[in-house]
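J.: Whatever this is, show me its structure:
(chains A, B, C and D)
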2 protein chains.
Amino acid sequence: MNRRLSDTAPNLPTLADVARVAGVSTATVSRCLNSPAQVQTATRDRVLSAVASLGYSPNFGARALAARRTGTIGAIIPTMENAIFARAIQAFQEELHLSGQTLLVASSSYSPDIEADQIRTLVARGADALLLIGHDRDPGIYAFLAQRGVPVLVSWAFDPAQARPSIGFDNRRAMAGLADEVLRLGHRHIGMISAVAMGNDRARDRIAGVRDALRDHGVDPAALELIETPYSIANGAEAMARLMALPTPPTAVICGNDVLAVGALQMARQLGLTVPQDVSITGFDDIEIATVVDPALTTVHVPHREMGRAAAQLLVDMVGGGAAPAPVCLETELCFRGTLAAPRT
Amino acid sequence: MNRRLSDTAPNLPTLADVARVAGVSTATVSRCLNSPAQVQTATRDRVLSAVASLGYSPNFGARALAARRTGTIGAIIPTMENAIFARAIQAFQEELHLSGQTLLVASSSYSPDIEADQIRTLVARGADALLLIGHDRDPGIYAFLAQRGVPVLVSWAFDPAQARPSIGFDNRRAMAGLADEVLRLGHRHIGMISAVAMGNDRARDRIAGVRDALRDHGVDPAALELIETPYSIANGAEAMARLMALPTPPTAVICGNDVLAVGALQMARQLGLTVPQDVSITGFDDIEIATVVDPALTTVHVPHREMGRAAAQLLVDMVGGGAAPAPVCLETELCFRGTLAAPRT
DNA sequence: TGAAAATATGTAAGCGCTTACATTTCTCTC
DNA sequence: GAGAGAAATGTAAGCGCTTACATATTTTCA
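T.: Residues are numbered from 1 along each chain as shown, chains lettered A, B, ... in the order given. Sure, this is the predicted structure:
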């Protein structure tokens, strides 16, 4: 009946085979595998040795069909190539593994359409729950997920106004804290290189944070020289060149993330500017690259690993039928290194 | 009968519901979804609109059980935190998505035991095929995979002596090429900082490559000052300190990868040594960090993305029942940047 | 010591889909 | 316009597992 069966696929032992060899019913074998405590030790040993001798391993599809869950959790991130996501996903995966769950990943390349598509794909692939980055997306997607009964956890952002479960940090407040330090040092003419804000609430919040700080220091937030550009070292460099070509170039350039900041730093050097004497530069994320450049980058440390790990635990609870957890806000920390100083007087 | 059904899980529409609404049999609905060409246009339209109006989406477990495949491909890498793997996996995932496959990932943290465990997990999770890094592993694992009929593709290594399908590059030859350049410049006292070679054929091949070059230049390969250390900037730095504390410190330090090299570079600076005048340093991989340090790292470029993409295509073919492909060898390229020069005379 | 309670195991009904095979409905061709 | 062949659709048998419920066995304690 099934062609694959007869030519390529090997004929694997089934639960029934194990039951026959062990001389018990299939129910007992199933219980041995899923809740061993329910089975008498002697029976269990007999079953387990039958399992071993046959090289049995449960069929995934059958198990998913009967149990109505797959033990698989999906995550959709913009890209694995960004160290912050890679780091968080690594921790997320390690933690899932401890709970016996497996990770299904997809990347959106920062495109809402691709993300929507990937969400449907992962759900169709049996993800029991989903980890997403940021709140920003078509409400229809949340409706779809609710209809399918797939729990969702939003990470990377903390916004008490959003009711859904989330774990993240306050991008706006963190960036405001950094910008405040910049302003305290006397900078008044500030440039900012941000990731593209459209469809990216983290980027928007960081921009808002800078404006908050400007306002606090009596500077017109509209005076912020803002450039939005996709995530890459080269784009950071290019944006920096544009900022420094302005009639009155900024004395400090706040970057939305470390990668853009490293690009800015390279461009500053290329333009013959000394950092931080001629121009200050700051980053956000505190990834490895921030400590490797010279001078090392002043930035905001984000607990990516902790976030990944905690996200895994929350999601496992949610799949297990736990109540929707309250939004979690993690703390960030300013890292003062070599790229920030008072402006030339 | 199933408690979940009655409390938390929503009651989703099934194929049978769609069939009823569209007034056709379940077989026709199934065909509409899987091989639309077999169904008359009018019928198909009727079915598809029923699908849309019900918000139907196939049940993953049922489909996997009946079709005997999941459309899911597994990959096990040492860690996502290493940019080279992140980059390759990103390309791998993008390419899989184009073929309608989904990626299941796990990481081994460079531990053979964890890797073996993860391999079993991914197979149990229904991976139709597996991508692994390097050939080195217990033969029992290959036997297990063969027994389960799961195709495997080894990446990151090219070794014609290994018959199994693989895509990679010749680590030994590539490193020999770089070491040859170092020796040509007149270096005779060479240090090497390598990843831990045990259970890592790539690291072993790179060490062998350096020894090949030494031999070619009439230097005793045993004179190589070799330190093996786990992958991290800090470990690279620490190893560099040990090398430079030797009675006769090397004039050139060849590193097994860029991350170790960046650590070495930092330590050199810390020790007051100027690179490359006082000591030359080389890396391997050509990741972003290599171009960001100052001076930029002389290294070997590896086509990670291309490897990831090609690996995806090969695996999809293998799952599709294609014959085992011949091993593929990709080309690497030497990148001469600022950290390599002739030794002080 | 015997009935009730607890524990261990068995029975069998699905879970929702794919697909071999059977049947019906067209489309040709002579 | 009849018969052969092709195309479209239907029928129904599983795929291998989990689990509600039934039954058998052991323990507990008055």
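J.: my guess is A:Leu330 meets A:Met307, correct?
T.: Yes. If you go by C-beta atoms under 8 Å, A:Leu330 and A:Met307 touch, sitting 5.9 Å apart. Heads up, the C-betas are built off the backbone N, CA and C, glycines and all.
J.: When the two are compared, which one has more neighbours?
T.: The neighbour comparison of A:Leu330 against A:Met307 (other C-beta atoms under 10 Å in any protein chain shown) goes to A:Met307, with 22 against 16.
J.: neighbours around the nearest residue to A:Val328 once chain neighbours are set aside, how many?
T.: Take A:Val328 and drop its neighbours on the chain: the residue closest to it by C-beta to C-beta, 6 or more residues apart in numbering or on different chains is A:Ile167, 4.2 Å away. A count of nearby residues for A:Ile167, using other C-beta under 10 Å, gives 24.
J.: residue contacts, A:Ile167?
T.: A:153-155, A:158, A:307, A:310-311, A:314, A:327-328, A:330 (C-beta atoms under 8 Å, 6 or more residues apart in numbering or on different chains).
J.: Out of these, which is nearest to B:Glu181?
T.: B:Glu181 has its nearest neighbour among the contacts of A:Ile167 in A:Met307, at 43.1 Å by C-beta to C-beta.
J.: Surely that closest one touches A:Trp156?
T.: Yes. The criterion here is C-beta under 8 Å, and A:Met307 meets it with A:Trp156 at 7.3 Å.
J.: does the residue lying closest to A:Asp294 once chain neighbours are set aside sit in a helix or strand, and which one?
T.: Sequence neighbours aside, B:Asp294 is the residue nearest to A:Asp294 in space, at 5.5 Å (criterion: C-beta to C-beta, 6+ apart). Under DSSP states H and E, no helix or strand contains B:Asp294.
J.: Is stretch A:98-106 in proximity to DNA strand D?
T.: No. Judged by C-beta under 7 Å from any atom of the strand, stretch A:98-106 makes no contact with DNA strand D; its nearest approach is 12.5 Å.
J.: Not counting its neighbours along the chain, what's nearest A:Ala127?
T.: Spatial nearest neighbour of A:Ala127, chain neighbours left out: A:Gly74 (3.4 Å); criterion: C-beta to C-beta, 6+ apart.
J.: circling back to that earlier point, is the residue nearest to A:Val328 located within a strand, as I assumed?
T.: Yes. Judged by DSSP: H, G, I helix; E, B strand; the rest coil, A:Ile167 forms part of a strand.
J.: follow-up on the earlier one: quickly list what's touching both of A:Leu330 and A:Met307.
T.: Residues within reach of A:Leu330 and of A:Met307 at once, by C-beta under 8 Å, 6+ apart, are A:167-169.
J.: coming back round to it: what is the nearest of the contacts of A:Ile167 to DNA strand C?
T.: For those, the residue nearest DNA strand C by C-beta to the nearest atom of the strand is A:Leu153; the value is 25.0 Å.
J.: pretty sure the closest one contacts A:Gln162?
T.: No. Using C-beta under 8 Å, A:Leu153 is not in contact with A:Gln162, being 11.9 Å away.
J.: Just want to know which of those two has more residues nearby.
T.: More crowded of A:Leu153 and A:Gln162, by other C-beta under 10 Å: A:Leu153, with 26 against 14.
J.: secondary structure element for the residue nearest the centre of chain A?
T.: Nearest to the geometric centre of chain A sits A:Phe85, at 4.8 Å (C-alpha atoms, centre = their mean). Using DSSP H and E, A:Phe85 maps to helix A:83-98.
J.: What's the mean pLDDT across that helix?
T.: Average pLDDT, helix A:83-98: 94.
J.: Please save the CA atoms from it in PDB.
T.: Presented in PDB, the C-alpha positions along helix A:83-98 are these (Å, rounded to 0.1, in the frame of the first residue of the first chain):
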ATOM      1  CA  ALA A  83      25.300  37.200  17.600                       C
ATOM      2  CA  ILE A  84      22.600  38.400  20.100                       C
ATOM      3  CA  PHE A  85      20.000  36.100  18.600                       C
ATOM      4  CA  ALA A  86      22.500  33.300  18.200                       C
ATOM      5  CA  ARG A  87      23.500  33.600  21.800                       C
ATOM      6  CA  ALA A  88      19.900  33.700  23.100                       C
ATOM      7  CA  ILE A  89      18.800  30.900  20.900                       C
ATOM      8  CA  GLN A  90      21.700  28.800  22.100                       C
ATOM      9  CA  ALA A  91      20.700  29.200  25.700                       C
ATOM     10  CA  PHE A  92      17.100  28.600  24.700                       C
ATOM     11  CA  GLN A  93      17.900  25.400  23.000                       C
ATOM     12  CA  GLU A  94      20.000  24.100  25.900                       C
ATOM     13  CA  GLU A  95      17.300  24.800  28.300                       C
ATOM     14  CA  LEU A  96      14.600  23.200  26.200                       C
ATOM     15  CA  HIS A  97      16.700  20.100  25.900                       C
ATOM     16  CA  LEU A  98      16.800  19.800  29.700                       C
END
